[in-house]
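Novice: Okay, predicted coordinates and the sequence, questions at the end:
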2 protein chains.
Amino acid sequence: MKIRPSLRQLESRAAVFKALGHPDRLRILDDLADGERCVCDLVASVGSSWSTVSRHLSVLKAAGVVGDDKRGLQVFYRVALPCVSSFVECLDAAKAGQAVEVRRCCR
Amino acid sequence: MKIRPSLRQLESRAAVFKALGHPDRLRILDDLADGERCVCDLVASVGSSWSTVSRHLSVLKAAGVVGDDKRGLQVFYRVALPCVSSFVECLDAAKAGQAVEVRRCCR
DNA sequence: CCTGTATTTCGCGCTTTGGCGAAATGGCAA
DNA sequence: TTGCCATTTCGCCAAAGCGCGAAATACAGG
């Protein structure tokens, strides 16, 4: 018996996917995979303006994908949803070899 | 040694996430999880117009998330990226209980 | 309190997305 | 061919998302 997800639930899932649907935000996630980073580091890595990067971070945070931690003058961000990276691996694997091992990479 | 993903690669990943970033498209994926469905079934399930649902399907197909199969007059869609559903489970689990079992749900 | 540094919020144009009805396509069937 | 039927594409408009610089906020140090 499968239950049909409510619209609310679908919207909540979609919010996460939307947050992840931007290359610069995926770059940020990739940077954060190695450990927490301050905004200054991420601005350098992404190459956009502070305001733009800050907005990306607030989108990710609102979706629950990252968390932040203010220490001194700086704000440090960290990954809050570890399964994103394994899903990304699955995506890359599916893109590379079109079939077989796709089924193995998650679960 | 981690390699820094190219912009191309990040864009290709982001395209998948963008395709998944809409509640009606997640509804479609949920329907397809039980097996292939014709467009007519999906229109009934989603509740939007044919043109709208058809566009959602073309977005999902362009991202490689679903595949299609014309048989007779109808077109049947099916899931092409099975790891999406386990990732969604991970999302739901993370939303429910904020921490522990998140790490276990993928890989 | 005042200054400087780190970051976020605001306001603006600009592009993209989403949804609809109408028109177009592709095939089966008579 | 003619006519349906299932589906897709087109043209329009409203809404959301993006990027930037300027202004606002937060806070440590003097």
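Specialist: Right, received. Where do you want to start?
Novice: In three-state terms, label the closest residue to A:Asp69 other than its chain neighbours for me.
Specialist: Distance criterion CB to CB, 6 or more residues apart in numbering or on different chains; nearest residue to A:Asp69, sequence neighbours excluded, is A:Phe76 at 4.8 Å. For every residue, glycine as well, the C-beta is placed using N, CA and C. With DSSP: H, G, I helix; E, B strand; the rest coil as the basis, A:Phe76 sits in strand.
Novice: hey, what's A:Phe76 bridged with?
Specialist: Note on A:Phe76: beta-bridge partners by DSSP bridges are A:Cys38, A:Asp69.
Novice: who are the neighbours in contact with A:Val46?
Specialist: Taking CB atoms under 8 Å, 6 or more residues apart in numbering or on different chains as the criterion, A:Val46 is in contact with A:Asp24, A:Arg27, A:Ile28, A:Thr52, A:Val53, A:His56.
Novice: Mind pulling up the pLDDT for it?
Specialist: Listed pLDDT for A:Val46 reads 98.
Novice: same question, the one 3 residues further on
Specialist: pLDDT, the model's per-residue confidence, is 98 for A:Ser49.
Novice: Excluding chain neighbours, what is closest to it?
Specialist: A:Val43 (7.7 Å).
Novice: Go through the helix or strand harbouring that neighbour and flag the buried ones.
Specialist: Assigned by DSSP states H and E, A:Val43 falls within helix A:39-46. Residues A:Val39, A:Asp41, A:Leu42, A:Val43, A:Ser45, A:Val46 are the ones in helix A:39-46 that count as buried (16 or more other CB atoms under 10 Å in any protein chain shown).
Novice: who's in contact with the first one?
Specialist: So that's A:Val39. A:Trp50, A:Val53, A:Ser54, A:Leu57, A:Gln74, A:Val75, A:Tyr77.
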